[in-house]
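Peer 1: I would like the atomic coordinates for the input below:
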Amino acid sequence: MKNPTGSACGKIILFGEHSVVYGHPAIAVPVTALHADVFIQPAETLVISSRNFNTEYEILKNPLNKNETGFGLQETVLNTLKFFNLLKKQNIHITIDSSILPASGLGSSAAVAVAIIRALSNYFKKKISNKDLYDLAFKTEVIYHGDPSGIDPAVIIHEKPVYFKSGKKTRLEPLKVANKIPIIIADTGVRSSTKEVVSDVKKARASDKDKYDTIFSEIIPIVHRVRDVIEKGNVSELGRLMNENHELLKQIDVSSPELDLLVESAREAGATGAKLAGAGRGGHIIALAEDNVQKISKALVDAGASHIFFTEIV
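Peer 2: Presented below is the predicted three-dimensional model:
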């Protein structure tokens, strides 16, 4: 197989999911073991296809509407071609091949969008700044998630652990990591729509603002503390903060029996800490594995994890 024209890694949110939507800080890290690859070759018309879902669209001849599966991909391509003033040069076939599971909290939609934009930039030899790359990818995130924080494309573009805070002026700061921190990522096998979960939390907050804002106010200092812990290399403290954050996420009803079982299984097998990662109600948990990586991994598989991934915060 030829080398991809554009690629992007996956991501995982360590701390601050959900509260980040309301302008509070979060910390996310890249997952370089997972990636979306995009291949471009000449064609007779503008075609986009996915090897993962065995789908193909001729998006100028038969434009997709916003309720169809490939709409976000279509809009990413069209928005990027418009940005480069290349919409008339549609004679290409864009093929997507991604190892990032969708609807699982690993940044699938953002990674695919970033990979498509990079591929078009490379194919047509057009330079693009990280800011413009982010702005284009964020448009795709709005399609998929409704009201995203923007943290996914931010960490994926920079491929570094980041402290992120959205708002009128987005704050994005790379983190200095004192020591490598090994993380196990375990998949519940349950797919969950970030858009739906975020919307549910927003509705619940509207009916009980004091409760939700109180919980978010407890998450904020955890995120600040985590930043300090990572930069100083205090891994055992990081595990304790994972456990604390998971309990707060349970209080806003974004955990699930499957997530809780994996979290508990990881801790019982020796993980320093564990928590859900991402929107919740499915998707993944993360476990801090200073020692006993094989024992923890086996315990997670025995508890029902469908996939196990490894990454390091570096």
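
Peer 1: What mean pLDDT does the helix or strand hosting residue 79 get?
Peer 2: Assigned by DSSP states H and E, residue 79 belongs to helix 71-83. Mean per-residue pLDDT for helix 71-83: 95.

Peer 1: so who does the closest residue to residue 120 other than its chain neighbours touch?
Peer 2: Sequence neighbours aside, residue 80 is the residue nearest to residue 120 in space, at 4.9 Å (criterion: C-beta to C-beta, 6 or more residues apart in numbering). Yep, even glycine has a C-beta here, placed from its N, CA and C like the rest. Residue 80 makes contact with 116, 117, 120, 121, 136, according to C-beta atoms under 8 Å, 6 or more residues apart in numbering.

Peer 1: Considering these, which possesses the most neighbours?
Peer 2: residue 117 (29 neighbours; other C-beta atoms under 10 Å).

Peer 1: Quickly find the element holding that residue.
Peer 2: helix 108-123.

Peer 1: quick one: strands adjacent to the lowest-mean-pLDDT helix or strand in the chain?
Peer 2: Least confident helix or strand, the chain: strand 55-58 with a mean of 88, by mean pLDDT, DSSP states H and E. Partners of strand 55-58 in the sheet, by DSSP bridges, are strand 47-50 (antiparallel).

Peer 1: From the chain's centroid, how far away is the partner strand?
Peer 2: Distance of strand 47-50 from its chain centroid, counting by C-alpha atoms, centre = their mean, to the nearest Å, is 22 Å.

Peer 1: Same question for stretch 67-83.
Peer 2: With C-alpha atoms, centre = their mean, you get 19 Å for stretch 67-83.

Peer 1: Give me the buried positions along that stretch.
Peer 2: 70-81, 83 (16 or more other C-beta atoms under 10 Å).

Peer 1: same question, stretch 98-118
Peer 2: 98, 100-118.

Peer 1: what's the answer for stretch 154-168, then?
Peer 2: Quick answer for stretch 154-168 (16+ other C-beta under 10 Å): 154, 155, 156, 157, 160, 161, 162, 163, 164, 165, 166.

Peer 1: hang on, residue 179 in a helix?
Peer 2: No - Residue 179 is assigned coil when assessed by DSSP: H, G, I helix; E, B strand; the rest coil, not a helix.

Peer 1: If you drop the residues flanking it in sequence, what lies closest to it?
Peer 2: residue 233 (4.0 Å).
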